[in-house]
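In: the sequence and its predicted three-dimensional model are supplied below.
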Amino acid sequence: MKIVVYSYSDPLYEVPPPPETWGWEVDRIYSDFGKRQQLQQLLEDCSSDKIAYVLVRRLEEFGETVEQVFHRLDRFGELGVRVVATDVPLETTDRRDRAAVLELLQNLQKQQRSQRIRQGHARNRVKALPPPGKPPYGYRRGKDRYVVDRSTAPVVKDFFDRFLIYGSLRGAVRYIAQRYGKRISVTTGRRWLTNSVYRGDLTYSNGSTISNTHAPIISREEAAQIDRLLRRNRRLPPRTASAPRALAGLVVCGECGSSMTVACVTRRRKPGEYLYLRPTHCLREPKCKSLHYDAVLQQTIETVCCNLTEIADDLPLPDLDGAKSTLERDIVKRQQILDALPPLLDEGILDRETLQLRSYTLKSEIARLQEQLSQIPPVNLRETAKTVSLPQFWFDLTESERRFYFREFVRQVEIQRDGDEWQVRLQFLFQPIPQDENL
């Protein structure tokens with residue numbers, strides 16, 4: 001008595017299941033990928049060999065239509081072979097029970113309909129067609145691709161430009177609401193920033209991405225900068241990325257360990273405002289004193305100018321140029337293979353479906369490599385540190401611009417107190433995080 005396995009996988013959206021998937025001690029695995037030659041071989045072996053059970057994930061793997069599935073189930077029944085579907089509760093080929101037959105028919109029709117939908121979506125992916133549904137704001141649906149909507153695309157472009165200048169998502173959302181009357185939530189704005197459609201790519205439900213499928217609204221360089229700013233903002237407390245002050249979200253008190261917030265006080269009938277930093281959750285008695293914001297800012301700039309270049313020179317930096325060259329070579333290699341495919345179709349070596357599937361795989365790999373390439377920092381840290389270490393550089397910036405650069409280099413500003421005296425200690429982003437010696 002033998003137990004065998006049959007599996008069918010559609011090359012458009014599936015991969016063959018690994019042998020360990022079954023969890024049974026089976027004598028043989030019949031596996032089809034695209035066509036069902038092995039199914040015919042299985043039927044022939046069942047008539048000549050002692051096969052008792054055929055394991056299958058789903059009954060619809062036996063055919064493209066309900067009629068084909070029932071025909072093959074009847075054939076297995078005539079040969080005395082029992083079919084066990086592991087992924088569905090109905091696992092018998094007994095056609096005598098009318099209720100079982102109706103349930104089997106309903107399940108098969110439902111699964112066949114779902115399979116046809118998946119196949120249709122997969123064919124669209126292979127052809128790099130837009131997914132179903134409403135196109136993103138800023139685009140409209142063309143014949144076979146997204147087309148830039150000239151009436152709404154400027155709003156999206158201005159939103160991206162605002163975020164690139166100030167690094168503030170909430171600020172960009174408020175900006176387009178005030179200027180264009182386009183009101184969106186912060187969550188929608190974050191989806192805009194990460195949506196591959198605005199970069200000229202298509203990302204499908206299976207996670208694959210195809211590059212350069214339509215006209216982009218932002219460039220590759222802008223997209224890489226946006227991704228870097230989003231990663232930078234994730235480590236900051238909520239709302240501080242859009243705070244108007246440069247040190248917001250960066251300062252902590254070294255005595256009580258509390259974060260420090262920027263408070264603003266104005267004097268009645270007098271111009272100007274008074275800014276100071278105060279701990280938000282100080283548990284000490286007496287509580288840690290507040291500090292003048294401008295004094296902390298001044299000492300922070302001086303510390304950056306004194307220490308940044310020295311620390312950057314001592315760091316073992318990775319070989320970014322080597323990593324960039326490797327990724328570029330891999331992209332060129334796959335592009336050359338992609339360019340060599342059309343002649344194979346003309347020579348009859350490949351059919352059109354195989355050509356489309358192979359092109360889709362190569363384009364997905366190229367998109368993945370391009371994403372890795374875009375994440376490599378575009379500038380040299382040591383060269384940038386020399387510029388940022390000039391005091392005049394900081395004093396020529398606005399408060400929003402200082403906020404941008406502080407978040408590029410500084411992880412934390414710690415206030416170390418000694419009675420009424422205090423000093424600033426900086427933790428730079430490219431330095432390892434110090435570990436607590438008591439741990």
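Out: Now that the structure is in, tell me what you want to look at. Residues are numbered from 1 along each chain as shown.
In: give the buried residues for stretch 360-368.
Out: Buried residues in stretch 360-368, defined by neighbour count with 16 or more other CB atoms under 10 Å: 360, 362-367. No exception for glycine: its C-beta is placed from N, CA and C like everyone else's.
In: which residue is nearest the middle of this structure?
Out: With distances taken as CA atoms, centre = their mean, residue 194 lies nearest the centre of the chain, 7.6 Å away.
In: look up how far residue 239 lies from the residue nearest to that one when sequence neighbours are not counted.
Out: Spatially, and ignoring its direct neighbours in sequence, residue 194 is nearest to residue 230 (7.2 Å; CB to CB, 6 or more residues apart in numbering). Residue 230 sits 15 Å away from residue 239, going by CB to CB, to the nearest Å.
In: more neighbours: the two, which one.
Out: residue 230 (16 against 12; other CB atoms under 10 Å).
In: tell me which element the more buried one is part of?
Out: Assigned by DSSP states H and E, residue 230 belongs to helix 220-234.
In: now that helix, how far from the chain's geometric center?
Out: Mean-position distance between helix 220-234 and its chain equals 12 Å (CA atoms, centre = their mean, to the nearest Å).
In: whatever helix or strand comes next after it - contacts with which helices or strands?
Out: Where DSSP H and E defines the elements, the next helix or strand beyond helix 220-234 is strand 251-253. Applying 3 or more CB pairs under 8 Å, 6 or more residues apart in numbering; DSSP states H and E, we find strand 251-253 packed against strand 260-266, strand 410-418.
In: quick check: which ranges of the stretch 51-200 of the chain have low pLDDT?
Out: Scanning the stretch 51-200 of the chain for pLDDT under 70 picks out 88-105.
In: now with 90, please.
Out: Residues of the stretch 51-200 of the chain meeting the criterion pLDDT under 90: 51-129, 131-133, 142-144, 164-171.
In: and if you look at the stretch 301-439 of the chain?
Out: Residue ranges of the stretch 301-439 of the chain with pLDDT under 90: 302-328, 338-413, 415-422, 424, 426-439.
In: count the neighbours of residue 18 for me.
Out: Residue 18 - counted by other CB under 10 Å - has 7 other residues nearby.
In: strands of the stretch 151-300 of the chain, start to end?
Out: 202-203, 209-210, 251-253, 260-266, 273-279, 291-292 (DSSP state E, counting those that start in this stretch).
In: so what are the sheet partners of the second one and their directions?
Out: The pairing partners recorded for strand 209-210 under DSSP bridges are strand 202-203 (antiparallel).
In: how about residues contacting the strand it pairs with?
Out: 128, 130-131, 196-197, 209-210, 213-214 (CB atoms under 8 Å, 6 or more residues apart in numbering).
In: nearest to residue 310 among these?
Out: residue 196 (40.5 Å; CB to CB).
In: show me what the residue lying closest to the closest one once chain neighbours are set aside bridges to in the sheet.
Out: Once flanking residues are discounted, residue 196 sits nearest to residue 203: 4.4 Å by CB to CB, 6+ apart. Beta-bridge partners for residue 203, by DSSP bridges, are residue 209.
In: and the gap between residue 203 and residue 130?
Out: Look at residue 203 and residue 130: by CB to CB, they are 11 Å apart.
In: TSV please, covering the buried residues of stretch 360-368 and showing secondary structure.
Out: Converted to TSV, these look like this (DSSP: H, G, I helix; E, B strand; the rest coil):
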residue	secondary structure
360	helix
362	helix
363	helix
364	helix
365	helix
366	helix
367	helix
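In: the residue nearest to residue 194 contacts residue 189, doesn't it?
Out: No. Applying CB atoms under 8 Å, one finds residue 230 not in contact with residue 189, separated by 11.0 Å.
In: give me phi/psi at residue 168?
Out: phi -120, psi 120 (degrees, to the nearest 10).
In: OK, contacts around the closest residue to it other than its chain neighbours?
Out: Once flanking residues are discounted, residue 168 sits nearest to residue 242: 3.7 Å by CB to CB, 6+ apart. When contacts are counted by CB under 8 Å, 6+ apart, residue 242 touches 166, 168-171.
In: hey, where'd the strands end up in the stretch 1-150 of the chain?
Out: Using DSSP E, counting those that start in this stretch, the strands of the stretch 1-150 of the chain run over residues 2-9, 28-33, 51-56, 82-85, 139-141, 146-148.
In: ok so, going back, buried sites along the helix holding residue 230?
Out: 220, 222-230, 233.
In: hmm, residue 75 and residue 63 touching each other?
Out: No. Residue 63 is not in contact with residue 75 according to CB under 8 Å; the separation is 11.1 Å.
In: and these two? Which one has more around it.
Out: Comparing residue 63 with residue 75 by neighbour count (other CB under 10 Å), the higher total belongs to residue 63, at 19 against 15.
In: so the residue nearest to residue 363 when sequence neighbours are not counted versus residue 200, what's the distance?
Out: The shortest distance from residue 363 to any non-neighbouring residue, by CB to CB, 6+ apart, is to residue 210 (4.9 Å). For residue 210, the distance to residue 200 equals 10 Å [CB to CB].
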